Each structure stands twice: as structure tokens, then as C-alpha cells.
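K.L.:
Pasting the sequence and the predicted coordinates here, then a few questions.
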Amino acid sequence: MASQVVNLRVNERSREFLAAPGTSLLSSLRDTLGLTAAKRGCAQGGCGTCTVLLDGRAVMSCLVAVQTVDGASVRTLEGVARDGALDEVQSAFLEGFATQCGFCTPGMIMAAEALLDRNPDPTRDEVVEAISGNVCRCTGYGPIVDAILDAAARRAKA
Amino acid sequence: MAKLRGRGYASVNYPTGMNLGGDPSQALIHATTTGTFVVSLSSVDLGQGLKTVVAQCAAETLGLPVENILVDTADTDTGPHCMGTFASRGTHRVGNAVIMAAAEAREVMLAVAAEELEVDAGDLETDGTGFVQVTGAREKRIHITDLALAAHFTHGRTISGRGIFLKEKNDPVPETGEMDPDSCQAHACTVAVVEVDDETGVVEVLRMHNAYEIGRALNPAMVAQQVEGGAWMGMSHALFEATEPYYPARDHGPTDFNEYLMPGAADIPEYHNAILERPAGNGPFGAKGIGEMTANAPIPAIANAIFDACGVRLDTMPFTPERVLRGLDELRADRSPTKE
Amino acid sequence: MITAVRTPESLAAAVGHAAAGGRLMAGGTVVMAQVNSGSLGYTEIVSLRRAGLGGITLDGPLARVGATTTLTEVEQSPDLAFLRGAMRGLASPTIRNQATVGGNLFVPQPYGDLAVCLLALDATVEVTGPDGSREVPVGVVLANGVAPGEVVTAVRLAVPAPGTWFHHKAMRRRLNSAAIVAVAAVVDTAGGVVTSARIALGGVAPRPVRAVSAESVLIGRPLESEVLERAGRAARADISPSDDSYASAWYRARVLPVHLRRAFLRQP
């Protein structure tokens, strides 16, 4: 079987592209659509750097066969800022020094967005659980957890 | 069944930079026609924040806002030479080189301003917001944007500078072994508080107290990041990470990423961190390096804390629950009344 | 090289593709990892995503859980609230959004926490293949898998009475880590002593195992420390642990009684 046409709604834009059988959503996002915020870390769902929102839920995009989600909606980090303005999670990460090398950051932010979409006022434990699938090698996690709680507070005030 | 608490500490001296055949880095600075100062380097910022520190050094030396600085780095094909960012050398070597380049650029900047304002360069100061002004007569001033334009189009001057910092190669004195291999040394001490589950050998790090003497915290928030991130990595090495836990056999070795154990966000201790500053005479604004040392002291501190908690002395990482439990079993067997 | 990824929209079509040699894929957490590393060993993948195998239905205390129900759906189901603790100890929320009930039956220990629970629950598994449908005890599927071309469509379980469900998982870190020892159990007591016990263990054998030796120690006795320690030591006869990066076989056998006791005394 040759490549198939896949339709996705990515960051609120309809995208149509070809995918070879077995291509992951991550590969389609990065290599075909040029959306490189989602990272290729471990290719087995263990590091979380490929985290995106699929139909509103956080998933490891390296483990999604893109042909099986034809018609779905996907949100990546590129779709988080509104009209060029960083959202509360992004601002909180920047101002809270919650990023060093930045490799885990897109996945962490998407996991945070997924959490706050469902649970706008999470406890510290709930934040920790939401990012339990995301590995960070630089920060020791504390600033990231603080930034997500800070983002929740900022969003509540907005 | 008991959770045994223990406390242990360890301290470390850590050299800034290295010896080898000499340890240099270069920097170039030039102003664009609109007053942005481009710092050209080939030093890598891998997330430790070198670009930020370099921008701060340049801005401080030039007397301009940090927003005027643009750090253009890490093209080793074209940039001025850097040995690299390792050996905790980045802030010290590159910072010093940038300060030297910025100092030369500042001289040119003031010389051009002196011509524009028709005063002596010695009568000028920068106000830190972008103006060069006459000391004591601040209304006589020129903004860097206008100054840069004038330099280029009116005066035919380049507002630019060159910098290099070389730690010269140093050989030991054969008779005494004396040598000067590094520029300065940073110091740290970690106190770790742990809890050992005496039925399972599981070690939990409850708290780490870290004190770091690093010359000058050029960017306190980034220093704090290094201390906390490094403490986590030290704990990770101490308790979790191994490619071959029972070297040389591959038993229990991780076979994929998921199996390479590292503590997660749910496993981090409380941190209490303090920064001390004893400026190094040869450091940029007195700064020493803090890149690598932050993972060091936590490891023996945790080993010592485990010993304090339960009497098990471990000297091979990782300090797995099995190693602790086997140690406890041995201690209990030694204390058993049935032992002959 | 993968030559086809099919997403059939009916069970019959899925069975057809599986019978023709396609590799069944539910959440993709296992299959796609193999695709990514080039180690799948099949050329065609059959996704069950649209085959209509989702949904949780309750008939009194009996729950029927569709095979492609995600572990997040189990975690968030009010009808299966007793499994919430077990689900939250399994991988991460992100993985749970993708991993499925059916898929969990086929992962090797020390993964497969839900399978351990299902064994303790004496759950049954609905299977449909080219020759028709059958319902078998989960232990049979855990031990033997299913025949080529067969698709697990649902599991059925009885929701345990309040206070009779026990779950405890020892891990190397607090969240998102495989089992060193996992204990899942449905234990009834009356008059202060155990009247029935089904205990399943994870992390201590290639597949989930029933701790029958522990069960027989508990019957007629109270759930107290000494009894539980004895039951835990007896359970060593039921396990065949391996060495992996989480723990050694020695360690798993060594701490089994500790974790069995903690499971029933509800200690962390």
C-alpha cells in the first residue's frame, strides 16, 4: 500500500498531507508540517518530549500512527500563543526560569495545557502527576511545577 | 518496621577551567548602525545560560541596557575561537573575553560621543538607559542609536572591540609538584537528610541544604537553577541511575529508555540553598564557574546520610534498595543472638 | 517495513484483517514503539481505534469494559472508582490517555498492572475470532494469549463490595514506574477472619500470578501482621521473578511479604 492522504485540524487550521504506513503523528508534525516544537526524544513514549494534544487530551505523538487519527484535531506548542502573545503557561515558564536547555519544555507546556484545560485550579500533587510522563534533565522539576501553578493563578485572574 | 532518618554531609572544591595546552576563548563586539551591540562568539549555550551571562557582562561593561545586546554564537566555522563550554569554564573565560572586547568598544563609543558633543571623552559617562552624557551636565547627552548612526555615517568609526582570555598552560614544578592548573576554585557543601525504610531498603531524600561559594552570582536566578538542577542529578546518580548496576554483568541493566531509572517530579526533596560570594580576582566581575560541580557533593552526602540513618556503608552507586537491604541484613545477622 | 495501516470500522473487518496476518494495535503504546525501533516483525497493522470496542456498561455489580477503553476512561469512571488508585499508579496520565484495557492483557510483566487487577477480580474476557466468539477466564488469556485472528472485545468483572478490594504497588519511584511487586486482591472477611481470598501478584513472574499459597494461609485467619507475613512468605512458592533494571529476582522475593502485608493493612 502506498502513502495515504491524512486530514488533521492542526492548531485550528485544516491540514492535508501524505503519510507512509507506520508514520507517527510526531513525524508528520515535524517532518511534513514543519511543526518542530514537539521533539523526538526516545521513540517509545518514555520521555514526553513529543507530547501534543489530540482531540483535547495529552498523548505521546511518537506512539500515534497518524493514519489512524484521520480527522482528529491536534494542538501543538505552535498553537498556544494567541496573535503572537504568549499565554499564561509560556509566560510563567519564562519568568519563572523553568527552562534551561528547553528540550523538555514543549512537552511540559502541552502537558500543563492539557491539565489546566480540565482542571484550572490544580493542587501541587495534581501538577506533579500531570507531568509525570515528562522527563527533565536540567531543572530538577521544581521550577516547572511552580511555573504551572503560577500559570493557573494567572489564568484565574485574567 | 521503621523509617530511619539520617543526615550526612559532603563538601567539594571545584576548579574553574582547565589546563591542557592553554585555555583560551575569544570574543568580538560590534555596534550596528542603530545601537545594537552584537557579541560574536563560537561558545555554545546548551541551556546553562551562557548567552544571558555574556549579555550581562557586555551590557555592564558598555554601560548600556542588556536589551541593546545581541549575542550571536556557536558557529565554529565563522566565530572567534572558543575552546568550548565544558570544564565549568564558560562564564569565566568567555565572560572575561567579552569584558575585554566591550571595554575596547566602550572606549570607541565614548570617543565618538566626545566628538559629537564637543567635549573630552574623560568628561563623559553612560547612564545605563542608553545615553552617553556629560558628567554633571546630564542635559548634554546623546542616545546610543544616534551615536551609532553618527559613528558610521559621519565619523567613519567602527564602535567595536576585540577580546581574548587565555589561561596559560602551566606545568608542575618537578621538585615540589606545585602548579597553577585552574584559575580559581569554587566551593560547596551539601547536607542531605534521608529516610531509610528498614524493611525494603528504600531511601528517600527529604531535604538537601546546599551552600555554594562561587565568586559572584552574575545571575542569581540562573545560579539557583544550576544548584537545584544539579542537586537533582546528584540524587539521581546516587540512588537511581546505572547502565550496569552489577558491573561487569549486565544483569538488571536497562534495555531501553523507560528502564533507565531517574527520579521524577514526585520524588524531589525540599531544597534550602545559599549562595556565598568571595570574588575571584581573575573572574569576570569576580565570578567563578558553577557548571558541573552541582551534582557532586549531594552524592557522598546521601551516602553519609544513609550510613547515619541505618549503619549501612555504601560506596558504589547507585545506592539501590537492594544494596541497602543487603547491608541491613548483614548488620542484623551480626547482631543476631543466634550468631555464633 | 510497514506496508499498510488499517483502521477498520467494524469488529468483523478487524477480525478479517487480523486473520490475514495483520498486527492488532489498540493504544499503540507497544506496537508503535516497535514500529519506531524497526522491530515490529509484521508488515501490516490493524488499528482497533474505530472498531466500536469502547464503552463501559454496568449491570448491577457487573461491569463490561470494552477492549479499547483507555486507562484514563477507567480511571475517571465513577462505576470503576475502586480501580482509581491502581490506574494512577500506572505509567503517566499521557500514556493512560492512549493505553487500553485490552492492550494491558498482552504486555509482559512487570508492566500490565490492570491485568494483575483483572486476575484478582476473576474477570472474564470476551474474544471474537473467525470461528466465532467465546468468553474465557482472564487467567487463560494471560497464560496463553489468543489464537491468531482473534480480537479481545471486552472484559467483564464484578465490582467488589466496599472494603474488599486491596491494591498496592511497590515501585522504584513514586509515579510512572513498573512494578517491583504489585498486589491486587479481593478478600472477604466475616467475624474478623478471612472467608475468601483472591490475590494476584505482578512484577514477580513473566505473567500475573495467583498467590494461591498465600490465599490458603489467610482463609479462616484475621488480616493481621503475623498472618500476613506468613502468607507473604508462603507466596514465594507462587512466584518466578526475574532480574530487570527495576529490581532483581532476589529483591522481589525478599520484599514480597512486606508488600503483601502493607497491601492488606493499607500502609503505604
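P.N.:
On my side now, so go ahead.
K.L.:
what about C:Gly232, how many neighbours?
P.N.:
Counted with other C-beta atoms under 10 Å in any protein chain shown, the neighbours of C:Gly232 add up to 25. Yep, even glycine has a C-beta here, placed from its N, CA and C like the rest.
K.L.:
actually C:Ala237, sorry about that
P.N.:
Other residues within reach of C:Ala237, judged by other C-beta under 10 Å, total 10.
K.L.:
do the one 3 residues further on as well
P.N.:
Residues lying near C:Ser240 (other C-beta under 10 Å) number 11.
K.L.:
isn't C:Leu142 right up against C:Val116?
P.N.:
No: in terms of C-beta atoms under 8 Å, C:Leu142 does not count as a neighbour of C:Val116; the distance is 9.1 Å.
K.L.:
between the two, what contacts are shared?
P.N.:
Shared contacts of C:Leu142 and C:Val116, defined by C-beta atoms under 8 Å, 6 or more residues apart in numbering or on different chains, comprise C:Pro208.
K.L.:
between those two, who's got more neighbours?
P.N.:
Neighbours of C:Leu142 and C:Val116, each counted by other C-beta under 10 Å, are more numerous for C:Val116; the result is 29 against 22.
K.L.:
Could you verify that the more buried one is part of a helix?
P.N.:
Yes: if the criterion is DSSP: H, G, I helix; E, B strand; the rest coil, then C:Val116 is within a helix.
K.L.:
residues contacting it?
P.N.:
Shown in contact with C:Val116 (C-beta under 8 Å, 6+ apart): C:Ala179, C:Ala182, C:Ala184, C:Ala200, C:Leu201, C:Gly202, C:Pro208.
K.L.:
Based on its surroundings, how many neighbours for the third one?
P.N.:
Pointing back at C:Ala184 there. Other residues near C:Ala184 come to 28 when the count uses other C-beta under 10 Å.
K.L.:
Enumerate the residues of chain A near chain B.
P.N.:
Contact residues of chain A with respect to chain B, defined by C-beta under 8 Å from any C-beta of the partner chain, are listed as A:41-42, A:44-47, A:97, A:99-103, A:128-129, A:131-132, A:135, A:137-145.
K.L.:
what do you get for the stretch 51-200 of chain C?
P.N.:
Residues of the stretch 51-200 of chain C lying close to chain B by C-beta under 8 Å from any C-beta are C:Ala170, C:Arg172, C:Arg173, C:Arg174, C:Leu175, C:Asn176, C:Ser177, C:Ala178.
K.L.:
So which of those residues sit within strands?
P.N.:
By the criterion of DSSP state E, membership of these in strands covers C:Ala170.
K.L.:
nearest to B:Gly327, of the residues of the stretch 51-200 of chain C next to chain B?
P.N.:
C:Arg172 (17.8 Å; C-beta to C-beta).
K.L.:
any idea of the pLDDT on that closest one?
P.N.:
Looking at C:Arg172, its pLDDT reads 97.
K.L.:
how about the closest residue in space to A:Tyr141 that isn't next to it in sequence, what does it touch?
P.N.:
By the measure of C-beta to C-beta, 6 or more residues apart in numbering or on different chains, the closest residue to A:Tyr141 outside its immediate chain neighbours is B:Ala265, 3.9 Å from it. Applying C-beta under 8 Å, 6+ apart to B:Ala265 gives the contacts A:Val128, A:Ile131, A:Ser132, A:Tyr141, A:Ile144, A:Val145, C:Leu175.
K.L.:
so where does the residue of the stretch 151-300 of chain B at minimum distance from chain A fall, helix or strand?
P.N.:
Ranked by C-beta to the nearest C-beta, the top residue of the stretch 151-300 of chain B for proximity to chain A is B:Trp232, at 3.2 Å. In the assignment (DSSP states H and E), B:Trp232 maps to helix B:220-239.
K.L.:
and if you look at A:Ala112?
P.N.:
helix A:105-118.
K.L.:
Now that helix - C-alpha only, CSV.
P.N.:
The C-alpha trace of helix A:105-118 is given here as CSV (Å, rounded to 0.1, in the frame of the first residue of the first chain):
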residue,chain,number,x,y,z
THR,A,105,9.8,22.5,27.5
PRO,A,106,7.3,22.0,24.7
GLY,A,107,6.2,18.7,26.1
MET,A,108,5.9,20.1,29.6
ILE,A,109,3.9,23.1,28.4
MET,A,110,1.5,20.8,26.4
ALA,A,111,1.0,18.5,29.5
ALA,A,112,0.3,21.7,31.5
GLU,A,113,-2.2,23.0,29.0
ALA,A,114,-3.9,19.6,29.0
LEU,A,115,-4.1,19.7,32.8
LEU,A,116,-5.3,23.3,33.1
ASP,A,117,-8.0,22.8,30.4
ARG,A,118,-9.6,20.2,32.6
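K.L.:
ok, and does the helix holding B:Trp232 reach over to chain C?
P.N.:
No: judged by C-beta under 8 Å from any C-beta, helix B:220-239 stays clear of chain C, getting no closer than 9.0 Å.
K.L.:
list the buried ones in that helix?
P.N.:
Applying a neighbour-count criterion of 16 or more other C-beta atoms under 10 Å in any protein chain shown, one finds B:222-239 buried in helix B:220-239.
K.L.:
for stretch B:36-55, same thing?
P.N.:
Buried residues in stretch B:36-55, counting neighbours by 16+ other C-beta under 10 Å, are found at B:36-37, B:39-55.
K.L.:
Take these and keep only those in helices.
P.N.:
Residues of those located in helices (DSSP state H): B:Leu50, B:Lys51, B:Thr52, B:Val53, B:Val54, B:Ala55.
K.L.:
Tell me how far the third one lies from B:Gly229.
P.N.:
When C-beta to C-beta, to the nearest Å is the yardstick, B:Thr52 and B:Gly229 sit 15 Å from each other.
K.L.:
ok, longest helix in chain A?
P.N.:
Determined from DSSP H, the single longest helix within chain A is helix A:142-157.
K.L.:
by contact count, what packs against that one?
P.N.:
The criterion is 3 or more C-beta pairs under 8 Å, 6 or more residues apart in numbering or on different chains; DSSP states H and E, and the helices and strands that helix A:142-157 contacts are helix A:88-95, helix A:105-118, helix A:124-130, helix B:220-239.
K.L.:
With mean pLDDT as new columns, can those be given to me in CSV?
P.N.:
CSV is the format used below for those (pLDDT from 0 to 100):
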stretch, mean pLDDT
helix A:88-95, 97
helix A:105-118, 98
helix A:124-130, 98
helix B:220-239, 96
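K.L.:
where along the stretch 101-250 of chain C do the helices fall?
P.N.:
Taking DSSP state H, counting those that start in this stretch, the helices of the stretch 101-250 of chain C run over residues C:101-104, C:113-120, C:138-144, C:212-218, C:225-234, C:249-264.
K.L.:
List the contacts of stretch B:162-169.
P.N.:
By C-beta under 8 Å, 6+ apart, the list of residues contacting stretch B:162-169 from outside reads B:17-29, B:92-94, B:96-104, B:182-183.
K.L.:
actually stretch B:220-227, sorry about that
P.N.:
Outside stretch B:220-227, the residues that touch it by C-beta under 8 Å, 6+ apart are A:97, A:100, A:138-139, A:143, B:48-49, B:52-53, B:210, B:212, B:214, B:217, B:271, B:273, B:275, B:290-291, B:294.
K.L.:
now swap in stretch A:10-24 and tell me
P.N.:
Outside stretch A:10-24, the residues touching it (C-beta under 8 Å, 6+ apart) are A:1, A:3-9, A:28-29, A:32-33, A:35, A:61-67, A:73-76, A:78-79, C:1-5, C:32, C:35-36, C:45.
K.L.:
Which single residue of the stretch 101-250 of chain B ends up nearest chain C?
P.N.:
B:Glu199 (4.7 Å).
K.L.:
burial measure for B:Leu70, as a count.
P.N.:
Neighbours of B:Leu70 using other C-beta under 10 Å come to 14.
K.L.:
tell me the contacts of residue 68?
P.N.:
Just so you know, I chose chain A. With contact taken as C-beta under 8 Å, 6+ apart, A:Thr68 is in contact with C:Val5, C:Thr7, C:Met25, C:Gly28, C:Ser47, C:Arg49, C:Arg50.
K.L.:
actually chain B
P.N.:
B:Gly35, B:Thr36, B:Phe37, B:Ala59, B:Leu62, B:Gly130, B:Ile144.
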